[in-house]
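K.L.:
give me a 3D structure for the following:
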Amino acid sequence: VAVGQMSLGIATLLSYVPVGLAAVHQLGSLVVLSTGIYVVHSLRYVSPGILRITRKTMAASREGSEASVFAAAGKAPNIA
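P.N.:
Sure thing, here's the model as predicted:
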């Protein structure tokens, strides 16, 4: 959604701001802002256990090892 919003903004500027395109761009910005607010609000109600697992998984994914991601999440890798 954010990439679409950015593309609409660039297209709006390049085409000398037609009213219809500018209105769609503003509607897109409303969607991006509303989604961001909703996500931040929803994260307030996530249980601490889920946040802890998510942090471990993100830290392991930064290390780049798939096995470490599974270990952080408490799952065994599916080796088939």
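K.L.:
neighbouring contacts of the longest helix seen in the chain?
P.N.:
For the chain, the helix that runs over the most residues, judged by DSSP state H, is helix 19-43. For helix 19-43, the surrounding residues in contact (Cβ atoms under 8 Å, 6 or more residues apart in numbering) are 1-2, 4-5, 8-9, 11-12, 15. C-beta here means a position set from N, CA and C on the backbone, and glycine is covered the same way.
K.L.:
from the chain's centre, how far out does that helix sit?
P.N.:
13 Å (Cα atoms, centre = their mean, to the nearest Å).
K.L.:
could you dump the contacts of helix 19-43 into TSV with distance to residue 28, secondary structure and neighbour count added?
P.N.:
Output for these, formatted as TSV (distance: Cβ to Cβ, whole Å; DSSP: H, G, I helix; E, B strand; the rest coil; neighbours: other Cβ atoms under 10 Å):
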residue	distance to residue 28	secondary structure	neighbour count
1	7	coil	10
2	9	helix	12
4	6	helix	13
5	4	helix	19
8	6	helix	18
9	8	helix	16
11	11	helix	14
12	10	helix	18
15	16	coil	10
